[in-house]
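Next comes the sequence, and after it the predicted model I'd like to discuss.
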Number of protein chains: 2
Amino acid sequence: MKTNSVKVEIITIGDEILIGQIVDTNSAWMAVELNKAGFELAQITSVHDDAKHIIDSLELALTRADVVLFTGGIGPTKDDITKQTLSSYFGMSLIFSDEVYQNIERVLINRSRAVNELTRTQAFVPDGCTVIQNTVGTAPITWFEKEGKVIVSMPGVPNEMKHVMSTEIIPRLSQRFETPSIIHKNVIVQGYPESALAMKIADWENALPEDIHLAYLPNYGIIKLRLSGISDDPLPMEFSINQQIAGLTEILGDAIVAFDDVPVENMIGNLLAAKGMTLATAESCTGGHIAHKITSVSGSSDYFKGSVIAYSNEVKINVLNVTADDIEQYGAVSKEVVEQMAVNIRRLLKTDVAIATSGIAGPGGGTTEKPVGTVWISVCSGSEIVTKMFKFGNVRLQNIERTTQTALLMLKEII
Amino acid sequence: MKTNSVKVEIITIGDEILIGQIVDTNSAWMAVELNKAGFELAQITSVHDDAKHIIDSLELALTRADVVLFTGGIGPTKDDITKQTLSSYFGMSLIFSDEVYQNIERVLINRSRAVNELTRTQAFVPDGCTVIQNTVGTAPITWFEKEGKVIVSMPGVPNEMKHVMSTEIIPRLSQRFETPSIIHKNVIVQGYPESALAMKIADWENALPEDIHLAYLPNYGIIKLRLSGISDDPLPMEFSINQQIAGLTEILGDAIVAFDDVPVENMIGNLLAAKGMTLATAESCTGGHIAHKITSVSGSSDYFKGSVIAYSNEVKINVLNVTADDIEQYGAVSKEVVEQMAVNIRRLLKTDVAIATSGIAGPGGGTTEKPVGTVWISVCSGSEIVTKMFKFGNVRLQNIERTTQTALLMLKEII
């Protein structure tokens, strides 16, 4: 990133992140939304519910950034101290706000609850800050200004944070600061290890204009190449990035599987919807994860009919009509069985295309011949059927994830 | 947290976290492992691939912490600059290491690949640091010491980071520093909003010993209460925390659903395995997410037979034998339909217990009578059947998550 951007830092408050009890998913969401509005996220800092630590981090962030966004630490319970800490840092006292109280009552009535002694304390706010109502939760948002910089404290509960960021904080920041445009474009490449890809495109990479930044992001068998630029004038920058992508396409050809950072389940959804085709899955080792990925897309009920999760051989035989003899002869993790699963689920659920998986996710169940990580995937469309074997790793959840990702990419090819 | 702990800070390096392209899941895992070994994670900082930013963060971290762990930014491509940056900060030059080169060759041979010009550059390491071999990847780990403090740079690829943390870094840190014991215990409470729970246990909370810290973590209808203590002598501390939990149990009784931070799918797995019972699911709105959660547990094939994901009514009728008339009369999202799904999947897959879900995950499909978020869940065991309706929110993925969590808790009750 170059200069003249407006810099934002996020400070997350809460012991739960620092003892590993929760993963901070808020910051990634905030980063994307801030980028869209032209703000650059310069640092994320996670600190404990500790007044000195909170203030130290704030003072450091203010030396670097124009905006500091706090998330978390503003619940009604004793372990949350952010409101008191910021209030005393800015030399304000906490006063009762009728308006906040009425909002809390409104929110709680929607949840069929009444205000109690403790939720009532959330109506106290620092006297002198700007208060933003939290229409989906009980903790108010507080907005402070200091020497031209903005400091905001908001809830860490994801849906409350997202709602107030989208409806209030980003619009207000956009009014308050003039921002350039930040443009990111992604090129998704399949079939290259990272270093081989880097060598293949070395000349192109070395000739990139100074103001376009390239990053490599390997992810389960694909590599995302991200080109980023920042400019007051978005159109020439977008044109320049697109020109570079055109050059890259000449070099990589078919190895490029997509031009945007769209998850493969969304690409498949768009393809199936456009072609009016329907899909079913028969899953053994993925245990429903493929169906889950597909149904995480809004509108998937238009093309996804359903699945049979055949975790036991009994279900493979009785529901999916896999031949018992074949399971006996070849084993459940075999070309013969996974192909029958694919063909039969397509017939059973009367769909156009189908995916089937059978493998050893681990940690148990491996043999010398078929170690943990051995996975068969079959995809079929009409009479066309493609079946492949893979050797993934030793980690159960990674095997499920990689099988899912690979199966979806195989389906995309066949549609 | 109190004093006398050994403080660690994590610095993650990489634009991808700060533009929201990936979520930092590494830090949570590292926090848990560090805690187990008696180290306190004092701060997590995420910075860009920028030399000045990396060094500034390191110098600040060194003013507060005993150990600084860098993750990420050490791949073979041009955007990764951590190795060069740390090398020049410590006044070292990069030299070629035969030993590292041989390790790279070994790792690549396992992946059926050869060393190329770019992967060869990873064999250059700072002259004077301690090099730790990365047996599952090509980027070596570098360990520096400065004024009694330890600085380590390791890969950001999760399985490489996890492997080297478990096998090398934590064992070496444990040898290098004397650490106290950090004890966390969790009590999982159901049926209370956060503020009502806080009021219910206020007297108990106020009487907690100074050295035991309490935190509230609300999560989809349950609240985790976490009690933490740090001590050179773990046994008395553990005894003291257990005493407090005994007191809490007297106050909350049945509202306590578990005493450890075990995901409900693991609790169910343990229960089913202990009782020799088997499980199936019939999922509509959860689209396989319940099956996925269940099969994410190692050994689940012992008690989980499979599922039918009946996303379309056709599958509900043809595979699950739900009466077409009932779907017509009551709608797919109804008590009548979800109960048939539960009873019939149990019969079809010949299991002891079953879960069924049917609901409107959104964003489309809602009506005035059945708005988005309306969900029916049914669980059955033998002839016993429990069916409930819920009104969750407007966010698709949250509805899937909440339905899954609630269904698993309902199943746990009935087993």
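Looks like it arrived, so ask away.

Toward the C-terminus from the helix or strand bottoming out on mean pLDDT in chain A, list the very next helix or strand.
Scoring the helices and strands of chain A by mean pLDDT, DSSP states H and E places strand A:213-219 at the bottom, with a mean of 83. Using DSSP states H and E, the helix or strand that directly follows strand A:213-219 along the chain is strand A:222-231.

Report all helices and strands that that next one contacts.
Here strand A:222-231 touches strand A:181-190, helix A:194-200, strand A:213-219, helix A:234-252, helix B:15-18, going by 3 or more CB pairs under 8 Å, 6 or more residues apart in numbering or on different chains; DSSP states H and E. Bear in mind the C-beta positions are built from the backbone N, C-alpha and C, glycine included.

Return the most buried member of those.
helix B:15-18 (a mean of 26; mean count of other CB atoms under 10 Å in any protein chain shown).

Check whether it comes near chain A.
Yes: Helix B:15-18 is in contact with chain A by CB under 8 Å from any CB of the partner chain, via B:15-18.

contacts for that helix?
A:1, A:27-28, A:31, A:41-44, A:213, A:215, A:217, A:226, A:228, B:21-24, B:46-49, B:72, B:79 (CB atoms under 8 Å, 6 or more residues apart in numbering or on different chains).

Which of those fall in strands?
Among the contacts of helix B:15-18, the members falling in strands are A:41-44, A:213, A:215, A:217, A:226, A:228, B:46-47 (criterion: DSSP state E).

Please list only the buried members of those residues.
A:41-44, A:213, A:215, A:217, A:226, A:228, B:46-47 (16 or more other CB atoms under 10 Å in any protein chain shown).

Count the residues that sit near the residue nearest to A:Gly128 when sequence neighbours are not counted.
Nearest residue to A:Gly128, sequence neighbours excluded (CB to CB, 6 or more residues apart in numbering or on different chains): A:Met92, at 4.7 Å. Using other CB atoms under 10 Å in any protein chain shown, A:Met92 has 16 other residues around it.

Report the separation between A:Met92 and A:His53.
According to CB to CB, to the nearest Å, A:Met92 stands 20 Å off from A:His53.

swap in A:Gln244?
For A:Gln244, the distance to A:His53 - CB to CB - is 43 Å.

hmm, back to that, surely the residue nearest to A:Gly128 is in contact with A:Asp127?
Yes: using CB atoms under 8 Å, A:Met92 makes contact with A:Asp127 at a distance of 5.1 Å.

thinking again about what came up before, can you put the helices and strands packed on strand A:222-231 in JSON lines and add distance to B:Arg402?
Output for these, formatted as JSON lines (distance: least, CB to CB, whole Å):
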{"stretch": "strand A:181-190", "distance to B:Arg402": "31"}
{"stretch": "helix A:194-200", "distance to B:Arg402": "38"}
{"stretch": "strand A:213-219", "distance to B:Arg402": "28"}
{"stretch": "helix A:234-252", "distance to B:Arg402": "39"}
{"stretch": "helix B:15-18", "distance to B:Arg402": "27"}
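
mind checking which of these is nearest B:Val386?
strand A:213-219 (41.3 Å; CB to CB).

so what secondary structure elements neighbour the closest one?
Here strand A:213-219 touches helix A:194-200, strand A:222-231, helix B:15-18, going by 3+ CB pairs under 8 Å, 6+ apart.

Which single one of the residues of helix B:15-18 next to chain A is nearest to B:Glu168?
Taking those together and measuring to B:Glu168 by CB to CB, the closest member is B:Ile17, at 23.9 Å.

Return the per-residue confidence for the closest one.
pLDDT for B:Ile17: 92.

and if you look at A:Tyr220?
So, for A:Tyr220, pLDDT stands at 69.

Now stretch A:397-406: buried residues?
Those would be A:398-406, for stretch A:397-406 by 16+ other CB under 10 Å.

do stretch A:52-66 as well
A:53-54, A:56-58, A:60-62, A:65-66.

Just put those in a markdown table and tack on pLDDT.
Converted to a markdown table, the buried residues of stretch A:52-66 look like this (pLDDT from 0 to 100):
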| residue | pLDDT |
| --- | --- |
| A:His53 | 92 |
| A:Ile54 | 96 |
| A:Asp56 | 94 |
| A:Ser57 | 96 |
| A:Leu58 | 97 |
| A:Leu60 | 94 |
| A:Ala61 | 96 |
| A:Leu62 | 96 |
| A:Ala65 | 96 |
| A:Asp66 | 97 |
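
Tell me which two in those are the farthest apart.
A:His53 and A:Asp66 (22.2 Å).

how much space between A:Ala114 and A:Gly373?
55 Å.

Neighbour count for these two, which is higher?
A:Gly373 (21 against 10).

State the pLDDT value of the closest residue to the more buried one other than its chain neighbours.
Nearest residue to A:Gly373 in three dimensions, chain neighbours excluded: A:Phe392, at 4.2 Å (CB to CB, 6+ apart). A:Phe392 carries a pLDDT value of 84.

domain ranges for chain A?
A:6-176, A:189-258, A:264-414 (automatic domain parsing).

Can you say which of these is packed in most?
The most buried stretch of the domains of chain A, if neighbours are counted by mean count of other CB under 10 Å, is domain A:264-414, with a mean of 21.

tell me how far stretch A:370-389 is from the chain's mean position?
27 Å (CA atoms, centre = their mean, to the nearest Å).

Can I get the buried ones among the ones in strands among the contacts of helix B:15-18 in CSV including distance to B:Lys200?
CSV is the format used below for those (distance: CB to CB, whole Å):
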residue, distance to B:Lys200
A:Leu41, 40
A:Ala42, 43
A:Gln43, 39
A:Ile44, 35
A:His213, 53
A:Ala215, 50
A:Leu217, 47
A:Arg226, 50
A:Ser228, 51
B:Ser46, 38
B:Val47, 43
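
Around chain B, which positions in the stretch 151-300 of chain A sit nearby?
A:157, A:159, A:184, A:193-196, A:198-199, A:205, A:213-218, A:224, A:226, A:228, A:261, A:281, A:283, A:286-292, A:294-296, A:298-300.

related to what we said a few turns ago, the domains of chain A: lowest mean pLDDT?
Among those, domain A:189-258 scores lowest, with a mean of 90.

end to end, how far does that one reach?
7 Å (CA to CA, to the nearest Å).

sorry, back to before: closest to B:Ile169 out of the helices and strands packed on strand A:213-219?
Of all the helices and strands packed on strand A:213-219, helix B:15-18 comes closest under CB to CB, at 20.5 Å.

Restricting to C-alpha, output that closest one in PDB.
Written as PDB, here are the backbone C-alpha positions of helix B:15-18 (Å, rounded to 0.1, in the frame of the first residue of the first chain):
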ATOM      1  CA  ASP B  15      -1.300  -8.400   3.800                       C
ATOM      2  CA  GLU B  16      -3.900 -11.200   3.400                       C
ATOM      3  CA  ILE B  17      -5.000 -10.900   7.100                       C
ATOM      4  CA  LEU B  18      -5.200  -7.100   6.900                       C
END
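
chain center to it: distance?
20 Å.

Could you list every helix and strand that the helix or strand hosting A:Asn344 packs against?
Assigned by DSSP H and E, A:Asn344 belongs to helix A:335-348. For helix A:335-348, the elements it packs on are strand A:279-283, strand A:304-310, helix A:324-330, strand A:353-359, strand A:374-381, strand A:384-391, judged by 3+ CB pairs under 8 Å, 6+ apart.

got a list of contacts for it?
With contacts defined as CB under 8 Å, 6+ apart, helix A:335-348 is touched by A:280-282, A:284, A:307-308, A:310, A:316, A:319-323, A:326-327, A:329-331, A:351-358, A:376-380, A:385, A:387, A:389, B:319.

One more: stretch A:151-171?
A:12-14, A:25-26, A:29-30, A:33-34, A:37, A:58, A:62, A:67-75, A:82-83, A:86, A:132, A:134-137, A:139, A:141-145, B:218, B:393, B:395, B:398.

okay, among the buried residues of stretch A:397-406, which ones form the most distant pair?
Checking the buried residues of stretch A:397-406 with CB to CB, the most distant pair is A:Gln398 and A:Thr406, at 11.9 Å.

Please enumerate the helices of the stretch 51-200 of chain A.
A:51-64, A:82-89, A:98-110, A:117-120, A:158-164, A:170-176, A:194-200 (DSSP state H, counting those that start in this stretch).
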